[in-house]
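> Structure, please.
(2 chains)
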Number of protein chains: 2
Amino acid sequence: MQKWYEKNDVDLGVIISSRVRLARNLVNIPFPSRMSDAEAGDVMEEIKASVFCESNIDKISHNGLLFLDLAHISELDKNVLAERHVVSPAMAQNHSLSCGLIYNNSENLSIMINEEDHIRIQSIFVGNDLDAAYDAASQLDDILSSDLDYAFNNNFGYLTSCPTNTGTGLRASYMLHLPLLEYTGQLKRLSELITKTGFVIRGANGEGTEPLGNVYQVSNQVTLGKTEGEIINSLKQLTNQIVDKEKQLQDGILKTMSSDASDKVWRAYGILSHCRKISLNEARSHLSDIRAGFNMGIGPMSSNQANPLHLKKTIYEIMTNIQPHNLQYILGITKDARQLDMMRADYLRHIFAR
Amino acid sequence: MQKWYEKNDVDLGVIISSRVRLARNLVNIPFPSRMSDAEAGDVMEEIKASVFCESNIDKISHNGLLFLDLAHISELDKNVLAERHVVSPAMAQNHSLSCGLIYNNSENLSIMINEEDHIRIQSIFVGNDLDAAYDAASQLDDILSSDLDYAFNNNFGYLTSCPTNTGTGLRASYMLHLPLLEYTGQLKRLSELITKTGFVIRGANGEGTEPLGNVYQVSNQVTLGKTEGEIINSLKQLTNQIVDKEKQLQDGILKTMSSDASDKVWRAYGILSHCRKISLNEARSHLSDIRAGFNMGIGPMSSNQANPLHLKKTIYEIMTNIQPHNLQYILGITKDARQLDMMRADYLRHIFAR
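Numbers count the residues shown, from 1 in each chain, chains lettered A, B, ... in the order given. Below you'll find the predicted structure:
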């Protein structure tokens, strides 16, 4: 079963993916930060019962649904899921509370149980498709809400563990590839402007993380006092502007500095196809250059080439797979950071070999 | 006709080449800094007459001897010869005085006429062969001295324009490839020690030049009060010590950091075979890594490889050819430095393509 980020479209254009996350809690049960383990177990059972009942399961997903009790899987597996954004880093590191995950095979629809809230529904769609992501999350929300009693207040809306999520409980986001805004130094100022409008742009691995490979996430920060439609439309408009700016820079580079850009992309390919050890940071940076080149029609993957490079994996998939835990999941566990850099180089060389 | 630096041996080991230069002046004619152009012309004619007389020419060179009047060749040609060390940079830039060059096709035996001295005999041999270089220069010196009257003083020896050359008039030197001494930061201290012993180590393009590609020249600074044999033996001993030190570092790297070294060499190859523009400095640095790898048995040229890379040119030859004037001599003249970096990348890609 193909995962969402294994679809070829994921490498097309500035927008890698569109994501919606809904925070929900059950009424009369304390939030996860204050609940007992027995209550946590009850929440898991209630949600599982709703999702996996025969009348719901087919409505929710056509390609299978899995349940994982996070207490019963390895640290590596938890971190693999966190690196793929299926669970949050906080959830992967939680050792105190019973928590679980329901997700489909393509990993684009999931429910985190007992993370910061009892329920976190997440839906991810490739490319610029926020409406589809919202529809999928809403549909799952509707199914759950018909079986479960949500904590809801007529004045505030959905009640959540953290006040910033109270209201719609909606976090909508785009994952964006912004190499030119980054290289030209314009992203910093843009980021400051965006923050003033109630949105935030940051490294795609969440708060406080480095924007590895120039991959960013732009999302709403406020959910109270706005409707879902308002939040989504504002985010769409804002993102259109960011995408236009990035494309303008790409066009400018192609007109005035195409030999520089070509050199950068080809060197990235030369290094990835020949290195013997490489850090995640450096590898993602080169992958970013190759993805940018692919979208600008330059470098080894360009159809302008006599013999364009056809990768067996998408670039975003490679970016995902070379993270420390995913890499060890694929190639075997090591405790030596040097060894990991060598394994990463082997993996990349194998993919980029002609 | 193959030039000396096109011989495969030039890439073997630490010592690239051995060189001897003899400074001589004719008696009763002022040194070049004080001579008239008529006197300069007379000196040229005297030397040409001696070299190109039928009884001498075959003794001097079996593979042809050429004479160039530097007033009659282009700036590009002069700089091409300077970059190849056939003439000095000073001579290539001289526009005031009649000066000339006699050299053989392999460019390893030459006479600069009216550089700093009337006569500068130069002999270059590939690898560790200072005796052969000295013998060849001496033989040419003997031939000239039988026809010409040298300025010689029984107390001082050969008289020269600059006092540092007075005495034997001998400058003996080795061209050395010292990447490990450079990378480990040991070369600076070694250089200070060497200077105290009457020798000097510096970038191979002469005083004040950058040691591009970790290529250095070690030579004697003093010629007065020592015999030719003493100078040459001291230089041999000193150079043996430098070579041993470099080889120890190579052995150490192979034992403890071979994956780092392998990565460095393979990346150098990846960049040279894919870049679209590259500076001389960067290109030489990568060529240095590939040459070091070749000597250490790692990287694409290593015979440990299933399909080792066989270059059609020696690495030192490539280092020579990618210099600005030699590159334009090969690929055509440009006045645009960016264009030159692109031409250099094209040239290197062509050579390193599999």
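> how close does the residue lying closest to A:Met342 once chain neighbours are set aside sit to A:His350?
Nearest residue to A:Met342, sequence neighbours excluded (Cβ to Cβ, 6 or more residues apart in numbering or on different chains): A:Lys277, at 4.6 Å. Placement of C-beta: from N, CA and C, glycine included. Between A:Lys277 and A:His350 the distance, using Cβ to Cβ, to the nearest Å, works out to 14 Å.
> what about the two, which has more around it?
Neighbours around A:Lys277 and A:His350, counted as other Cβ atoms under 10 Å in any protein chain shown, are more numerous at A:Lys277. The numbers are 21 against 10.
> quick one on the thing from earlier: I'd guessed the residue nearest to A:Met342 sits against A:Asp341; true?
Yes. Taking contacts as Cβ atoms under 8 Å, A:Lys277 lies within contact range of A:Asp341: 4.1 Å.
> Which parts of the stretch 251-354 of chain A are strands?
In the stretch 251-354 of chain A, no strands are defined using DSSP state E, counting those that start in this stretch.
> What parts of it come near chain B?
Residues of the stretch 251-354 of chain A lying close to chain B by Cβ under 8 Å from any Cβ of the partner chain are A:259-260, A:262-263, A:266-267, A:269-278, A:338, A:342, A:345.
> Show the average pLDDT along the top helix by length along chain A.
Scanning chain A for the helix with the most residues, using DSSP state H, yields helix A:228-256. The average pLDDT for helix A:228-256 rounds to 96.
> And for the closest residue to chain B within the stretch 51-200 of chain A, the neighbour number?
Chain B sits closest to A:Tyr183 of the stretch 51-200 of chain A, with a gap of 16.6 Å, by Cβ to the nearest Cβ. By the criterion of other Cβ under 10 Å, A:Tyr183 has 17 neighbours.
> by contact count, what packs against the longest strand along chain A?
Determined from DSSP state E, the single longest strand within chain A is strand A:15-24. Contacts defined by 3 or more Cβ pairs under 8 Å, 6 or more residues apart in numbering or on different chains; DSSP states H and E place strand A:15-24 against strand A:119-126, helix A:130-147, strand A:170-177.
> Turn the ones you listed into TSV, columns for mean neighbour count, mean pLDDT and distance to B:Lys247.
Converted to TSV, these look like this (neighbours: other Cβ atoms under 10 Å in any protein chain shown; pLDDT from 0 to 100; distance: least, Cβ to Cβ, whole Å):
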stretch	mean neighbour count	mean pLDDT	distance to B:Lys247
strand A:119-126	24	97	56
helix A:130-147	18	97	62
strand A:170-177	25	97	47
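> so which of the ones you listed gets nearest A:Gln2?
Taking Cβ to Cβ, strand A:119-126 is the member of these nearest to A:Gln2, at 10.7 Å.
> residues in contact with that closest one?
The contact list for strand A:119-126, computed with Cβ atoms under 8 Å, 6 or more residues apart in numbering or on different chains, reads A:4-5, A:7, A:9-10, A:16-26, A:47, A:85-86, A:88, A:107-113, A:132-134, A:136-137, A:140-141, A:144.
> Now which of those residues would you call buried?
The neighbour-count test (16 or more other Cβ atoms under 10 Å in any protein chain shown) marks A:4-5, A:7, A:10, A:16-26, A:47, A:85-86, A:88, A:107-113, A:132-134, A:136-137, A:140-141, A:144 as buried among the contacts of strand A:119-126.
> got the CA positions of the helix or strand bottoming out on mean pLDDT in chain A in CSV?
Within chain A, no helix or strand scores below helix A:54-60, which has a mean of 87 by mean pLDDT, DSSP states H and E. Extracted in CSV, the C-alpha atoms of helix A:54-60 (Å, rounded to 0.1, in the frame of the first residue of the first chain):
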residue,chain,number,x,y,z
GLU,A,54,-18.8,-2.6,11.3
SER,A,55,-21.0,0.2,10.1
ASN,A,56,-18.2,2.9,10.5
ILE,A,57,-15.0,1.2,9.4
ASP,A,58,-15.8,1.2,5.7
LYS,A,59,-17.0,4.8,5.8
ILE,A,60,-13.8,5.9,7.4
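> What is that helix packed up against?
By 3+ Cβ pairs under 8 Å, 6+ apart, helix A:54-60 packs against helix A:37-51, helix A:130-147.
> okay, now A:Thr320: neighbour count?
A:Thr320: 20 surrounding residues under other Cβ under 10 Å.
> swap in A:Asp251?
12.
> A:Leu68 too?
Per other Cβ under 10 Å, the neighbour tally for A:Leu68 reads 18.
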